[in-house]
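> Mind looking at a prediction? Sequence and model below.
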Amino acid sequence: DLFSKATRSRDDEKDIRNSVYDFIIVGGGTAGCVLANRLSANQDWKILVLEAGEDESIDYDIPGVPTKDFRPILWNYRTDRNGFSCLSRPGGSCEVKTGKVLGGSSVTNDMKYTRGYKKDYDAWHTNGEMGSLEWKFENLLEYFKASEDNGDYDVLMNSFYHARGGEMHVQKFKYTDRVMEVFLGAFAELGLRTMDINTNIVEAVVNNQFTIFNNTRQSTNSAFLKPVRHRKNLTVKTGVTVTKIMIDPQEKIVEGVWYEIEKGKEQPAYAKREIILTAGAINNVKLLHLSGIGPREELAKYNITTFIDLPVGYNYQDQVTTGGLAFTMSEVKPVSESEVIEDFKTWFQSRNGPLASRGINQISAFIQLFENKAAPDVELALEGNYVRSDKFMLTNISIHTAEETNMPLAYYNLILLNPVLLKPKSIGRITLNKRNPKYGRPVIQANLLKESQDLDAIVDSIDVALQLLNTNEMKRAEIKLAPIDMFPCDKLHNRDQWNCIARHYTKAIGNPIGTCRMGYNSTNSVVTFNFRVHGIERLRIMDASVMPTHVRGGIYAPTVMIAEKGAKLILKDWQENKSRYPSGR
Ligand SMILES: Cc1cc2nc3c(=O)[nH]c(=O)nc-3n(C[C@H](O)[C@H](O)[C@H](O)COP(=O)(O)OP(=O)(O)OC[C@H]3O[C@@H](n4cnc5c(N)ncnc54)[C@H](O)[C@@H]3O)c2cc1C
């Protein structure tokens with residue numbers, strides 16, 4: 001034990017001095033990079049960021065590269081097999097693609113900037129305690145705007161919602177092609193207006209806003225961390241995995257963490273003030289369980305002593321969609337390999353050309369299915385794919401072929417329409433790997449589509465999407481339903497067929513939340529509304545895992561907002577309490 005004075009050598013003393021920080025941030029992902037920037041702005045504080053992945057490479061910054069090429073920087077997790085979703089996906093389970101790289105999932109995501117709806121946030125504070133009232137949407141806007149640098153003048157006109165001057169550049173892609181115009185027009189024929197989705201609009205067709213700068217991805221690493229990496233009080237370690245939180249069992253105070261620099265080789269780091277977990281909704285659970293913070297009966301199965309009995313890992317939620325609905329276009333000019341190589345050169349030289357676009361993926365429609373809810377239920381998200389002509393010669397192409405694109409996104413002859421259920425009712429759970437709790441992949445019982453309402457909503461939204469085929473825009477452009485092999489649902493019809501397809505070809509969106517949810521007490525939540533873990537000192541959680549329910553949009557912008565709010569809270573707490581640990585909720 002490095003803290004035991006009797007056995008300490010001079011080298012040990014030096015190691016200890018070098019491994020003591022004011023704050024340790026576990027996970028240099030979306031939220032972690034924002035926090036590293038904000039906390040290290042105080043020169044008196046020494047900050048350590050520990051990230052399991054490596055530094056971000058420029059290859060992932062090219063907007064037009066399909067995200068399917070991102071596997072080397074993912075955790076490559078899958079949902080646990082169940083009897084009702086992902087049935088025809090490999091192994092009967094769905095991929096959950098969260099990022100393992102500096103910048104985390106902000107390096108691997110689709111870059112869409114959507115905040116969700118006022119009523120989603122307002123629902124987080126329903127019983128009106130003071131702490132939670134700070135979570136009213138009106139009170140959160142300042143944190144969204146704090147880091148926003150919006151580059152679209154039509155969007156900026158609405159200064160109540162938008163701002164300039166922050167670290168994170170938000171902008172629509174400049175280029176729109178003919179097919180995008182067709183879909184914008186077709187949705188307009190169905191009654192949707194083109195609007196800024198980040199202004200609490202109930203329904204709209206949108207040319208999305210993205211977190212890009214000069215046609216280049218802006219992860220939270222590039223926006224928040226890179227510009228301050230030179231700070232002397234900031235240490236960033238990559239390729240290191242935190243394996244355990246050190247807890248004083250008597251005092252219930254967190255002292256530090258153990259992290260692995262390579263398998264089996266661990267080092268300690270100590271925090272004088274606080275440890276902040278930002279390892280995401282899946283890996284936070286693994287780390288907390290391994291450290292003895294979690295449901296007592298669950299930890300007992302692994303012979304882990306429980307320090308604090310908390311519902312860590314319960315309340316897992318992910319948004320969900322299905323494959324199977326796709327459209328084809330007539331006469332698409334084939335693209336040669338040499339053209340694509342030229343496109344890459346163009347992007348690297350001038351940040352322009354087809355790779356400076358996400359093609360039809362830029363367009364989506366937000367629709368309401370249940371009346372009087374004053375918010376959308378489903379995002380009809382478009383996704384382009386280029387299928388080689390010899391595959392089209394076959395009568396029906398497989399869903400796998402339809403989904404697996406290797407071409408830049410600006411080139412497509414197949415358009416998938418993914419009906420994304422924004423606020424699913426189905427709730428799952430994360431537990432440790434049974435055979436190998438420390439090194440094995442955590443078990444993700446996602447329970448996608450377990451609740452029949454979720455399946456009904458997906459199928460209802462497919463009915464809406466199919467109406468596109470009757471619009472003049474789509475007919476004029478000769479866009480038709482694509483011939484997809486629906487096995488084993490091919491003999492079924494109408495709703496029965498779509499129910500079957502959704503259960504077999506389910507897709508987990510990869511927006512996991514809820515496993516360390518905020519709340520009032522330790523029975524139904526893990527952290528307070530100020531992000532402190534119930535029943536233990538000096539430990540906070542500040543990422544997507546604290547969201548109690550989904551907001552109706554992506555979770556990138558809300559996660560950045562959470563980190564902004566968290567950083568402000570920490571600064572305020574420690575300023576008011578000088579060097580003492582700030583007490584209170
Ligand atoms: C394919 C895909 C597309 C998406 N597209 C969008 C989109 O367009 N718009 C949107 O709003 N949202 C999108 N999202 C979701 C969103 O980007 C993420 O869910 C969000 O960024 C999560 O942020 P986080 O900080 O909670 O976790 P992360 O950003 O995942 O960060 C967690 C970090 O912790 C690290 N880590 C984990 N465990 C350890 C450990 N033990 N030790 C050290 N480090 C550790 C990880 O490597 C990672 O870097 C998408 C998600 C996916 C999967």
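Yep, that arrived.

> Name all residues that make contact with I367.
L192, E203, P376, D377, V378, E379, L380, S461, V464 (Cβ atoms under 8 Å, 6 or more residues apart in numbering). For glycine as for every other residue, the C-beta is placed from the backbone atoms N, C-alpha and C.

> List phi and psi for it.
Main-chain torsions, I367, degrees, to the nearest 10: phi -130, psi 150.

> L417 too?
Here is the backbone geometry of L417 (degrees, to the nearest 10): phi -120, psi 110.

> That one: neighbour count?
L417 has 24 neighbours, counted by other Cβ atoms under 10 Å.

> Now it: closest residue in space, sequence neighbours ignored.
L325 (4.7 Å; Cβ to Cβ, 6 or more residues apart in numbering).

> what's the distance between that neighbour and the ligand?
From L325 across to the ligand, the span is 19 Å (Cβ to the nearest ligand atom, to the nearest Å).

> One more: T108?
Counting by Cβ to the nearest ligand atom, the gap from T108 to the ligand is 6 Å.

> quick one: contacts for that residue?
Contacts for T108 (Cβ under 8 Å, 6+ apart) come out as Y60, T67, F70, I73, L74, K97, T98, G99, V101.

> these two touch, right, the fourth one and L102?
No: in this structure, I73 sits apart from L102 without contact. The criterion is Cβ atoms under 8 Å, and the distance is 9.6 Å.

> more crowded one of these two?
Each of I73 and L102 has its neighbours counted (other Cβ under 10 Å); L102 has more, 29 against 23.

> backbone phi and psi for the more buried one, please?
According to degrees, to the nearest 10, L102 has phi -60, psi 120.

> And P295, by the same measure?
P295 has phi and psi values of phi -70, psi 130 when expressed as degrees, to the nearest 10.

> Skipping its backbone neighbours, what lies nearest it in space?
P311 is the one closest to P295 (Cβ to Cβ, 6+ apart), at 6.1 Å.

> you'd agree that neighbour is in a helix?
No: looking at P311 with DSSP: H, G, I helix; E, B strand; the rest coil, it is coil, so not inside a helix.

> That one - how many residues pack around it?
Counted with other Cβ under 10 Å, P311 comes out at 20.

> Next: H493.
There are 9 residues near H493, going by other Cβ under 10 Å.

> Could you do the one 4 residues further on as well?
Using other Cβ under 10 Å, Q497 has 17 other residues around it.

> just the one 10 residues further on next, same as before
Under the neighbour criterion other Cβ under 10 Å, K507 is assigned a count of 22.

> which residues are common contacts for I73 and L102?
G53, E54.

> The residue nearest to P295 touches T523, doesn't it?
Yes: the pair formed by P311 and T523 meets the contact definition of Cβ under 8 Å, at 7.4 Å.

> residues shared between the contacts of those two?
With Cβ under 8 Å, 6+ apart, P311 and T523 have no common neighbours.

> about what we covered before: can you list the contacts of I367 in TSV and add distance to H400, pLDDT and secondary structure?
TSV is the format used below for the contacts of I367 (distance: Cβ to Cβ, whole Å; pLDDT from 0 to 100; DSSP: H, G, I helix; E, B strand; the rest coil):
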residue	distance to H400	pLDDT	secondary structure
L192	31	96	coil
E203	32	93	coil
P376	29	93	coil
D377	28	94	coil
V378	24	97	strand
E379	23	98	strand
L380	22	98	strand
S461	23	97	helix
V464	26	96	helix
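
> Rebuild the residues you listed as JSON lines, extending it with distance to the ligand and neighbour count.
Converted to JSON lines, those look like this (distance: Cβ to the nearest ligand atom, whole Å; neighbours: other Cβ atoms under 10 Å):
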{"residue": "L192", "distance to the ligand": "20", "neighbour count": "19"}
{"residue": "E203", "distance to the ligand": "19", "neighbour count": "18"}
{"residue": "P376", "distance to the ligand": "15", "neighbour count": "24"}
{"residue": "D377", "distance to the ligand": "17", "neighbour count": "22"}
{"residue": "V378", "distance to the ligand": "16", "neighbour count": "27"}
{"residue": "E379", "distance to the ligand": "10", "neighbour count": "27"}
{"residue": "L380", "distance to the ligand": "15", "neighbour count": "25"}
{"residue": "S461", "distance to the ligand": "19", "neighbour count": "26"}
{"residue": "V464", "distance to the ligand": "22", "neighbour count": "17"}
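
> can you put those in a markdown table and add distance to W347?
Formatted as a markdown table, the contacts of I367 follow (distance: Cβ to Cβ, whole Å):
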| residue | distance to W347 |
| --- | --- |
| L192 | 32 |
| E203 | 35 |
| P376 | 33 |
| D377 | 37 |
| V378 | 33 |
| E379 | 28 |
| L380 | 29 |
| S461 | 35 |
| V464 | 36 |
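
> Which two among those residues are spaced furthest apart?
For these, the farthest-apart pair by Cβ to Cβ is L192 and D377; their separation is 13.9 Å.

> For the helix ranked longest in the chain, the averaged confidence score.
Counting by DSSP state H, the longest helix found in the chain is helix 556-576. Helix 556-576 carries an average pLDDT of 96.

> Work out the gap between the helix or strand that contains Q349 and the centre of the chain.
According to DSSP states H and E, Q349 maps onto helix 337-350. Its chain's C-alpha centre and that of helix 337-350 lie 30 Å apart, by Cα atoms, centre = their mean, to the nearest Å.

> do the same with stretch 233-246
Centre-to-centre, stretch 233-246 and its host chain are 21 Å apart (Cα atoms, centre = their mean).

> Now do the end-to-end distance for it.
Length of stretch 233-246, first residue to last, Cα to Cα, to the nearest Å: 23 Å.

> And for stretch 164-171?
End-to-end span of stretch 164-171 (Cα to Cα): 11 Å.

> buried ones in that stretch?
Buried residues in stretch 164-171, defined by neighbour count with 16 or more other Cβ atoms under 10 Å: G166, E167, M168, H169, V170, Q171.
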